[in-house]
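Novice: Fold the following for me, if possible:
(one chain, ligands or ions: 1)
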Amino acid sequence: MNETLTQRIKIQQSESSRVHEVDFNNLQFGRIFGDHMFEQVYENGSWGEPVIKPYGSIEINPAMNVFHYGQAVFEGMKAFYQDENTINLFRLDEHHARFNRSCRRMCIPETEFETFVTALEELLRLDKNWVPKQMGTAFYIRPFIFASEDYLAARISDRYNYYIITSPVGAYYAEGFNPVSLSTPKGYVRAVVGGTGEAKTSGNYAASFLPAREAQQKGFTQVLWLDAKENKYIEEVGTMNIHFLINDTLVTPELTGSVLAGITRKSVMELAADWGYKVEERRISIDEVFETSKSGELKEVFGSGTAAVISPVGLIEHNGETIHIGSGSIGDFAQRLFDEITGIQYGKLEDKHGWVHSVKV
Ligand code: COI
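Specialist: Residues are numbered from 1 along each chain as shown. Purely as a prediction, here's the structure:
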């Protein structure tokens with residue numbers, strides 16, 4: 001893309017490839033990693049030389065700030081195989097903007113857009129054989145930054161390590177495209193307004209593991225988070241945003257500051273508006289979901305996320321009461337969204353919104 005920047009990223013090419021170890025017909029989520037990774041270190045007040053090098057272990061020190069105080073952010077994005085010469089990155093400007101918003105919240109220095117784009121393009125060119133071709137699969141991209149100053153005082157780090165790693169992936173949930181089941185947690189909250197809920201920071205996920213494990217032990221796929229203050233309004237699911245189709249209205253929990261501003265979430269609302277649905281971004285209580293389910297107005301419930309794509313929800317449990325949504329398979333609206341989003345991502349459908357950045361490889 002940018003000649004100067006492309007030249008500025010130093011590339012150390014791997015001598016051999018591990019791509020033959022990938023079983024492309026049986027891809028799991030995030031188990032095997034592309035041959036190359038991007039690395040950049042921030043110290044003395046600025047980001048240093050960006051490098052792409054063979055994927056591998058990195059040097060860490062036990063005193064690093066991240067291990068003690070959790071100053072870290074990440075992104076999750078995807079690239080898709082269009083044809084032998086073209087790989088599509090989905091909404092990379094949105095991902096980069098959110099990455100920097102997370103950085104700001106966590107006092108981490110922001111990253112340059114041009115370096116981000118060039119690094120992704122170079123990684124795709126180097127590891128193009130890692131990009132899976134089947135529909136339903138993708139090349140997952142994980143940019144992340146952690147505080148790497150060796151210092152035990154609880155304060156903002158002076159040094160950061162920035163990486164981008166990649167992984168060919170299949171479906172995120174074991175259910176694949178079958179409906180998942182959700183349960184509202186008892187005695188736990190995910191985030192409070194003014195906290196770090198809207199940042200993609202590692203600790204948010206660590207804090208959700210115990211309630212998620214408890215939900216899984218009871219047979220549910222994931223936790224359905226309610227707001228921390230009134231324990232009443234729906235926020236998100238542990239690993240995705242959530243949407244409700246009530247009659248012909250798409251209702252999506254509003255961004256209050258404690259909800260992650262999902263990029264697939266935004267795409268879902270934009271597509272629904274294009275298709276003439278009424279789109280409401282507002283508070284929605286768990287009571288409203290149960291009431292509209294009982295009255296027959298709740299037509300579909302589904303999650304959205306980069307990893308989860310569109311994931312139908314078939315059951316919700318709250319305070320010992322359970323509702324079943326749909327007939328055990330994906331609803332028509334969620335299916336249409338899945339087809340449209342993945343069609344755009346794979347370059348099979350027209351990209352009216354300019355969401356795709358095609359990379360020639
Ligand atoms: C993503 O959807 O990409 C995420 O980062 C969520 C994570 C739980 C896999």
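
Novice: Longest helix of this structure, counting residues only.
Specialist: Of all the segments of type helix in the chain, defined by DSSP state H, the longest one is helix 202-217.

Novice: Tell me what angle the helix or strand following it forms with helix 202-217.
Specialist: Moving toward the C-terminus from helix 202-217, the next helix or strand (DSSP states H and E) is strand 222-226. For strand 222-226 against helix 202-217, the angle between stretch directions is 120 degrees (axes from the mean of the first three to the mean of the last three CA atoms, to 10 degrees).

Novice: ok, then the element right after strand 222-226?
Specialist: By DSSP H and E, the next helix or strand past strand 222-226 is strand 234-237.

Novice: contacting residues around the longest helix of the chain?
Specialist: Contacts to helix 202-217, defined as CB atoms under 8 Å, 6 or more residues apart in numbering, come from residues 70, 72-74, 146, 182-183, 185, 188, 190-191, 196-197, 221-223, 238. For glycine as for every other residue, the C-beta is placed from the backbone atoms N, C-alpha and C.

Novice: what residues are up against the closest residue to the ligand within the stretch 151-300 of the chain?
Specialist: When scored by CB to the nearest ligand atom, the stretch 151-300 of the chain has T239 as its residue closest to the ligand, at 3.8 Å. Applying CB under 8 Å, 6+ apart, we find T239 in contact with 172, 222, 303, 305, 307-308.

Novice: still on that earlier bit, looking only at pLDDT, what's the mean for the longest helix of the chain?
Specialist: Predicted confidence along helix 202-217 averages 96 (mean pLDDT).

Novice: From V289, how far off is the residue lying farthest from the centre of the chain?
Specialist: Farthest-out residue of the chain from its mean C-alpha position, per CA atoms, centre = their mean: S295, at 33.4 Å. According to CB to CB, to the nearest Å, S295 stands 11 Å off from V289.

Novice: what's the answer for L245, then?
Specialist: Plainly put, L245 is 11 Å away from V289 if you go by CB to CB.

Novice: Next, give phi and psi for L245.
Specialist: phi -100, psi 110 (degrees, to the nearest 10).

Novice: ok, what's across the strand from it?
Specialist: L250, E300 (DSSP bridges).

Novice: my read: it touches K299, true?
Specialist: Yes. Counting by CB atoms under 8 Å, L245 sits close enough to K299 to count as a contact (4.5 Å).

Novice: Could you pull out the residues contacting both of the two?
Specialist: Between them, L245 and K299 share the contacting residues 331, 333, judged by CB under 8 Å, 6+ apart.

Novice: which of those two has more neighbours?
Specialist: Neighbours per residue (other CB atoms under 10 Å) separate L245 from K299, with L245 holding more: 22 against 19.

Novice: Provide a list of residues in contact with the more buried one.
Specialist: L245 makes contacts with 251, 298-302, 331, 333, as judged by CB under 8 Å, 6+ apart.

Novice: Kindly report the same for N88.
Specialist: For N88, the contact set (CB under 8 Å, 6+ apart) comprises 79-80, 82, 345-347, 356-359.
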